[in-house]
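S.K.: Sequence and predicted model, in that order:
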Amino acid sequence: MSKNIYNLLNETNVDLDEYKEQDFTNFEKIKIKKRFRKNINKHKYNKKIIVSASVVVISIGVMGTDVGVYAKEKLQEMAYDISRALGISTDLDEYKNIINKAVSKNGLEVMLNEVILNNDEIVFSTTTKRAKNDESEVASISLKNISINGKELSAFGGGGIEKVDDYTSEQVMSMTLFGLEEKELKGNVDIKITFDEAYCDNDEVIKGPWIFKFRADGSELALKTYEVTLNENFTFENGEKLELKKYTSNDLGQKIYMKANIEGEGYDVYVKGHDELGNEVSFSMGNCSMNEPILSMDNYGGKYKAKELKLKIYAASLKEEAFPSSSKYKQVGEEFTIDLNN
């Protein structure tokens, strides 16, 4: 299973059909639920470490209210340290914006610790503290919206939580942002993050909001992001098109950006192959966008020094099954090569 933050999303009981306001397509609902279910049985449970699966459509402030939390061995280190939570050994300090601002509301203090801007995503850590006479423990906090330079954005993501003691929890969340201007996060930006609710282990809901306004800079990581333009086109068996746009790599991980012309229920897509040394690599969908899928490299986080990747695309239609078996995935087109020597 991937060490990156996207694959910390595991099975949950989110009922997407109960949302009063939403712009999820059926495809996106399927993809969200599929990602929550993926690989949950492959990992051991640990009482101290939990993962909260969060689904956010920030443009309209939708947040799942039936939030499941699950033990996760990948977060055995302190969750508020972003690099550890992402499973990355690389030191990320040069990319961190230290915020350390706390807001208290209705007996709960939320502190925003650190923020990293990674081109089209935001990664941040928080600490929640309850009064010591409270008996319930905070299991997760709900992100209502994110604004960049005064513009409210849509986003998709999730995060991991660690219980520090009976009154304190620490959380890392990663959100892919939609609606950004090109290169908008590659410099100094004004950011507003609003958390609206906190969910406790005894089903108590603490109402916010906890609002944070600050400036952050993503230029350093942007400068160290290696990018390869891809010019590969594929056709699904029903005639719909898939275009590979670019490959990116930096200290937070590797991604393949695609553009699709999809109607209906869509496809689940992954990419698998090997590098020039024969090491196997794979990429799985890292967001829920049907027509602009982003695939993130599995089982790796941080610097990657391969010179060449030979890859194949596999896809399974979601028209008949929300969770296709492995036998349903068929190769799309021929093998392609990404040259990383440039």
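M.R.: Structure's in. What do you need?
S.K.: Please make it C-alpha for all contacts and neighbour counts, starting now.
M.R.: Fine.
S.K.: Tell me how many other residues surround residue 132.
M.R.: Look at residue 132: counted by other Cα atoms under 10 Å, it has 11 neighbours.
S.K.: ok so it is a strand residue?
M.R.: No - secondary structure of residue 132 (DSSP: H, G, I helix; E, B strand; the rest coil): coil, not part of a strand.
S.K.: residues contacting it?
M.R.: The contact partners of residue 132, by Cα atoms under 8 Å, 6 or more residues apart in numbering, come to residue 167.
S.K.: Residue 199 too?
M.R.: Neighbour list for residue 199: 67, 138-142, 205-206 [criterion: Cα under 8 Å, 6+ apart].
S.K.: separation between the nearest residue to it once chain neighbours are set aside and residue 251?
M.R.: Of all residues not flanking residue 199 in the chain, residue 205 sits nearest, at 4.8 Å (Cα to Cα, 6 or more residues apart in numbering). The gap separating residue 205 from residue 251 is 37 Å, by Cα to Cα, to the nearest Å.
S.K.: out of the two, which sits in the busier spot?
M.R.: Neighbour comparison, residue 205 and residue 251: the larger count goes to residue 251, with 21 against 15 (by other Cα under 10 Å).
S.K.: Kindly list the main-chain dihedrals of that one?
M.R.: Taking degrees, to the nearest 10, you get phi -70, psi -10 for the backbone angles of residue 251.
S.K.: How is the protein divided into domains?
M.R.: The chain breaks down into these domains under automatic domain parsing: 5-218, 225-339.
S.K.: Could you export those domains as JSON lines, including mean pLDDT?
M.R.: Formatted as JSON lines, those follow (pLDDT from 0 to 100):
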{"stretch": "domain 5-218", "mean pLDDT": "69"}
{"stretch": "domain 225-339", "mean pLDDT": "86"}
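S.K.: So which of those is the most surrounded?
M.R.: Comparing these by mean neighbour count (mean count of other Cα atoms under 10 Å), domain 5-218 ranks first with a mean of 19.
S.K.: between the contacts of residue 199, which is nearest residue 108?
M.R.: residue 206 (7.7 Å; Cα to Cα).
S.K.: List the backbone torsions phi and psi for the closest residue to the closest one other than its chain neighbours.
M.R.: Closest residue to residue 206 apart from its sequence neighbours, by Cα to Cα, 6+ apart: residue 198 at 5.0 Å. The phi and psi values for residue 198, taken as degrees, to the nearest 10, are phi -130, psi 140.
S.K.: Report the contact partners of the residue nearest to residue 199.
M.R.: Shown in contact with residue 205 (Cα under 8 Å, 6+ apart): 197-199.
S.K.: Just name the closest of those to residue 155, please.
M.R.: Taking Cα to Cα as the measure, residue 155 lies nearest residue 197 of those, at 17.6 Å.
S.K.: Could you double-check that the closest one sits in contact with residue 138?
M.R.: No - at 10.5 Å, residue 197 does not count as touching residue 138 under the criterion of Cα atoms under 8 Å.
S.K.: Which elements pack onto the strand or helix carrying residue 255?
M.R.: Secondary structure assignment for residue 255, by DSSP states H and E: strand 253-261. Using 3 or more Cα pairs under 8 Å, 6 or more residues apart in numbering; DSSP states H and E, the elements in contact with strand 253-261 are strand 241-250, strand 294-297.
S.K.: pull the CA atoms of that strand into CSV?
M.R.: The C-alpha coordinates for strand 253-261 follow below in CSV (Å, rounded to 0.1, in the frame of the first residue of the first chain):
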residue,chain,number,x,y,z
GLY,A,253,6.3,12.1,-4.3
GLN,A,254,5.6,11.3,-8.0
LYS,A,255,2.5,11.9,-10.0
ILE,A,256,1.1,11.3,-13.5
TYR,A,257,-1.5,13.8,-14.7
MET,A,258,-4.1,12.8,-17.2
LYS,A,259,-7.0,14.2,-19.1
ALA,A,260,-10.0,12.1,-20.1
ASN,A,261,-13.1,12.5,-22.2
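S.K.: any idea of the angle it forms with strand 241-250?
M.R.: Computed by axes from the mean of the first three to the mean of the last three Cα atoms, to 10 degrees, the angle separating strand 253-261 from strand 241-250 equals 160 degrees.
S.K.: And for the next helix or strand after strand 253-261, what's in contact with it?
M.R.: Sequence order places strand 267-275 as the next helix or strand after strand 253-261, per DSSP H and E. Outside of strand 267-275, the residues within contact range by Cα under 8 Å, 6+ apart are 31, 280-285, 295, 306-318.
S.K.: Tell me the strands beside the helix or strand just after strand 267-275, with direction?
M.R.: Once the chain leaves strand 267-275, the next helix or strand it forms, by DSSP H and E, is strand 280-285. Taking DSSP bridges as the criterion, strand 280-285 forms sheet pairs with strand 267-275 (antiparallel), strand 294-297 (antiparallel).
S.K.: Dump the shortest one to CSV, restricted to CA.
M.R.: In CSV, the C-alpha atoms belonging to strand 294-297 read as follows (Å, rounded to 0.1, in the frame of the first residue of the first chain):
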residue,chain,number,x,y,z
ILE,A,294,-4.1,12.3,-11.0
LEU,A,295,-2.2,9.1,-10.3
SER,A,296,0.3,9.0,-7.5
MET,A,297,3.2,6.5,-7.2
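S.K.: Need the contact partners of it.
M.R.: 2, 253-258, 270-271, 281-287.
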